[in-house]
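Participant: Show me the folded form of this:
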Amino acid sequence: VALIVYHGVSIGAVRRLLLTDIQDRLLHQDEREIPLAPPVRTHVAAYLDERAITWPATANPHLFINSRSASRDTAVGLRWVQLKI
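Facilitator: Here you go, the predicted model:
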């Protein structure tokens, strides 16, 4: 939600974000580098900690995963993102 509220990232783009799209306090999207707001960095860091604990062996490259996508390399569904908003 923080990515949508602070940076105007679309729901579709949130679904497709990869772990590598966030580096060095920047969101790399569409050949742009967007400095992440401090609250967004805090939320992303907390999510990454939770993700590492919940799915330590996942190979899914997407930033956001859930119990259905963790064992695959697919993005979370649109409904999952909508429920988080």
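
Participant: For the chain, just list every one of the strands.
Facilitator: With strands called from DSSP state E, the chain shows them at 22-23, 26-29, 32-35.

Participant: A52: which of these is closest?
Facilitator: strand 22-23 (14.3 Å; CB to CB). Every residue, glycine included, has its C-beta placed from N, CA and C.

Participant: Rounded mean pLDDT for the closest one, please.
Facilitator: What strand 22-23 shows for mean pLDDT is 94.

Participant: Now the spatially most central residue of the chain: closest residue in space, sequence neighbours ignored.
Facilitator: In the chain, the residue lying closest to the centroid (CA atoms, centre = their mean) is L63, at 3.6 Å. Spatially, and ignoring its direct neighbours in sequence, L63 is nearest to L17 (4.1 Å; CB to CB, 6 or more residues apart in numbering).

Participant: now swap in L27 and tell me
Facilitator: Using CB to CB, 6+ apart, the closest residue to L27 is I34 (4.3 Å).

Participant: How about L26?
Facilitator: Closest to L26 by CB to CB, 6+ apart is E33, at 4.6 Å.

Participant: cool, and R41?
Facilitator: R25 (6.1 Å).

Participant: The one you found: neighbouring residues, count only.
Facilitator: Neighbour count for R25, taken as other CB atoms under 10 Å: 14.
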